[in-house]
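1. Here is a sequence together with a model predicted from it:
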Protein chains: 2
Amino acid sequence: MNAILLKGMQIYAEDQKIEAGYIQLQDNKIIGVGPITNLPETEGFEVIEVSPSFKAIPGLIDIHIHGVNGADVMDATAEALETMSAALPKEGTTSFLATTMTQSQAAIENALINSGNYIEKQQSPGKAEILGIHLEGPYVNKARAGAQPVEFIVDSSIEQCKKWNNLAKQSIKIVTLAPEQPGGMEMVKYLNENGIIASIGHSDATYEEVTQAIEAGAKHVTHLFNQMRGLHHREPGVVGAALLRDELTAEIIADGVHVRPEMVKLAFQQKGKTELILITDSMRAKCLKNGVYDLGGQAVTVEDGKAVLHDGTLAGSILKLGHAMKNMMDFTSCSLEDTIQMASVNPAKQLNVFDRKGTITIGKDADIVILDEQLEVAMTFCRGELAYHRGGEQQ
Amino acid sequence: MNAILLKGMQIYAEDQKIEAGYIQLQDNKIIGVGPITNLPETEGFEVIEVSPSFKAIPGLIDIHIHGVNGADVMDATAEALETMSAALPKEGTTSFLATTMTQSQAAIENALINSGNYIEKQQSPGKAEILGIHLEGPYVNKARAGAQPVEFIVDSSIEQCKKWNNLAKQSIKIVTLAPEQPGGMEMVKYLNENGIIASIGHSDATYEEVTQAIEAGAKHVTHLFNQMRGLHHREPGVVGAALLRDELTAEIIADGVHVRPEMVKLAFQQKGKTELILITDSMRAKCLKNGVYDLGGQAVTVEDGKAVLHDGTLAGSILKLGHAMKNMMDFTSCSLEDTIQMASVNPAKQLNVFDRKGTITIGKDADIVILDEQLEVAMTFCRGELAYHRGGEQQ
């Protein structure tokens, strides 16, 4: 049966909070939302009673994630993407961008072809939806490589990017690049003209160069603070520009490891809830035990909540997006509504899918997360189907 | 005659703006303020007609200034202080802290004795009032010395500081120090318990060390951004702490040279108008022509609006406080009222003299600046007497 009625919980709907409400899901969509005092006919619906202390929020959207549960986008297999799509609802994520990393041309092309095919043919309700691809590199700056292997970093090439987007069946949504590198500004312009988000990241750009990139159409900053020119009082760099310029939305990894809690707070104070997007940037070890894992051909050691290369460089996170929301509330004293904005509304708007994602609204995809009193994920619905039920059977 | 009536100009009074107003000055005090429609009896007053497009604002208070017009506090002569007090009204400054710098014990003591004597005996209306002493160093960090000669930097000594404040006749109001250096935290505590402002500056303190200093009583940060540990996303340093912690007011040199305009804006966005204090940190070359000048035994070259040591280190400014206000409006789009807050209200409150300085209010000292349409200083009154009249005779 494909018609579900969730009943009893608080609902964080688009423009209001309902204390004791219901949500009707049918044919992958939200077809009803309201207070239980207005409960409609329930015949034909599977009724799920939810505790009045639980909260229904829109599904989370992770626009920067490499892997989880042993799988990585660069594995370039349908199984890997399937594993990710199946695992992510557990942390509240109901859609995401399959994020590549700087690798050989062949490895990137394999990942793009695989992701493009998967998005075209293998998406199905009941697991997280892949909304497209985030191409992180290879057009970045070696001086700010971080965990992107420097040997594969290259100058921006519009021809190559065109070819790659064709291989990916036009599913590239974000390109993280260093605009200050050769061809960078032209690439920003090309991306912007073609409806792809140009995101400044792994970049050593100065404030002037960022300004030039904004004029060329850059709209986004990849994992604010990490792997970019830092803030100095006479050269604000990418960090300063990101904090100061409203034209730029900024991703942030709110695990308290990549960026110190106080600095997450500073970013929130500067950018506000409308210009920050929570991401995980997680790698395959998330949801697995501590140990050594592969990231783009490099050995990454995972322990103490960190994933690091042998030299200590942070190499992706093991952060869960639902926990990023809780961390934001801890670090900044913001509200749950604010975190919904940063983990659901803003990414949906940035990816231009706000007509069908990002809020609990009649007519939108039935991507719903039920949080318990501790704001931990109790249930997740992906396009109308139960994708995760804590302590219950995965269907 | 010592009774003056200013008539016709706009007045930025304590809680209101009067479009066409009057101010009565008598016996060094403001005795009347209001709209000219309520103009009182003018007999016995020298009436000065002021253009209705001119603005009366409270006199500016510079809590960090070393010198102007060839004179420096470290000259340790009454003439030097006299020169400063006579020159500063030209830029709108009606009171200030005589600011020492890191020098030999003897040189500092001479400056303290001289300033203490001057404050006690030689202050008179009609020129800027010295409200006390800002002791900048020698208890700072060699790693963040800037233009403070490293050979004279020493660890904090409460005994010495006590002795020095006695030599200065208890007129030390602010001590700039590095709390992370030996004895630093104890010094902060001592200063706070004795009503002296402990200001973190020329400091390499970490965020934790600043937090500890705040707990010990630190309330202030010396020239925000300059000569302090900068902001990193995993170590926010003094800069990050200053931006994040409301317990700290912060001085800023808004000349666009010491700190880039965009970063002044960032500071304003974070601290707001109530937690920033405009200062000049100016040296003796201000108001003189370009050339080579002495600063604490070091040769300083002044040109292109900058004062630098031979290695390019910035060595004080040649900024005028009235221009710092105009710069703030340019850099941040703040209002004239906001700049009055930052250059007059806040320093008066910080120095605990708000009962007699900082606003145009009946009963307070008649420290009044008249700005023209371009917000340049046209006239300045210091405790009721004309101290500067552009194009007119200095009385």
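-> All right, it came through fine.
2. got the domain boundaries for chain A?
-> A:4-57+A:360-389, A:60-350 (automatic domain parsing).
3. tell me the most buried of those?
-> Across the domains of chain A, the average number of neighbours (mean count of other C-beta atoms under 10 Å in any protein chain shown) peaks for domain A:60-350, which reaches a mean of 22. In short, each C-beta sits where N, CA and C put it, glycine included.
4. Check the offset of that one from the chain's centre.
-> Distance of domain A:60-350 from its chain centroid, counting by C-alpha atoms, centre = their mean, to the nearest Å, is 7 Å.
5. quick one: it near chain B?
-> Yes - applying C-beta under 8 Å from any C-beta of the partner chain, one finds that domain A:60-350 is in contact with chain B at A:207, A:225-226, A:230-236, A:239-240, A:243-244, A:258-260, A:262-263, A:265-266, A:269-270.
6. Okay, and which of those residues map to helices?
-> A:207, A:239-240, A:243-244, A:262-263, A:265-266, A:269-270 (DSSP state H).
7. export these to TSV and tack on distance to A:Ile4 and pLDDT?
-> Output for those, formatted as TSV (distance: C-beta to C-beta, whole Å; pLDDT from 0 to 100):
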residue	distance to A:Ile4	pLDDT
A:Tyr207	51	98
A:Val239	45	98
A:Gly240	48	98
A:Leu243	43	98
A:Leu244	45	97
A:Glu262	42	97
A:Met263	41	98
A:Lys265	38	98
A:Leu266	42	98
A:Gln269	40	97
A:Gln270	41	97
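8. Secondary structure element for the residue nearest to the spatial centre of chain A, which one?
-> Centroid-nearest residue in chain A, with C-alpha atoms, centre = their mean: A:Asp62, separated by 1.6 Å. Assigned by DSSP states H and E, A:Asp62 belongs to strand A:60-65.
9. can you pull the contacts of the closest residue to A:Val210 other than its chain neighbours?
-> Nearest non-adjacent residue to A:Val210, counting by C-beta to C-beta, 6 or more residues apart in numbering or on different chains: A:Ala241, 3.8 Å away. Residues near A:Ala241 by C-beta atoms under 8 Å, 6 or more residues apart in numbering or on different chains: A:205, A:207, A:210-211, A:214, A:248.
10. With distance to A:Gln122 and secondary structure added, can I get those residues in CSV?
-> Below are these laid out as CSV (distance: C-beta to C-beta, whole Å; DSSP: H, G, I helix; E, B strand; the rest coil):
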residue, distance to A:Gln122, secondary structure
A:Ala205, 38, coil
A:Tyr207, 44, helix
A:Val210, 38, helix
A:Thr211, 42, helix
A:Ile214, 37, helix
A:Leu248, 34, coil
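11. any idea which of the residues you listed is closest to B:Pro149?
-> Comparing the contacts of A:Ala241 against B:Pro149 with C-beta to C-beta picks out A:Tyr207 as the nearest, at 32.6 Å.
12. Apart from its neighbours in sequence, what residue is nearest the closest one?
-> For A:Tyr207, the spatially nearest residue (C-beta to C-beta, 6+ apart) is A:Pro236, at 4.5 Å.
13. what about the strands in the stretch 1-150 of chain A?
-> Using DSSP state E, counting those that start in this stretch, the strands of the stretch 1-150 of chain A run over A:3-7, A:10-12, A:17-18, A:21-26, A:29-35, A:46-49, A:55-58, A:60-65, A:67-68, A:71-72, A:93-100, A:129-136.
14. And the fourth one, what does it pack against?
-> Here strand A:21-26 touches strand A:3-7, strand A:10-12, strand A:29-35, going by 3 or more C-beta pairs under 8 Å, 6 or more residues apart in numbering or on different chains; DSSP states H and E.
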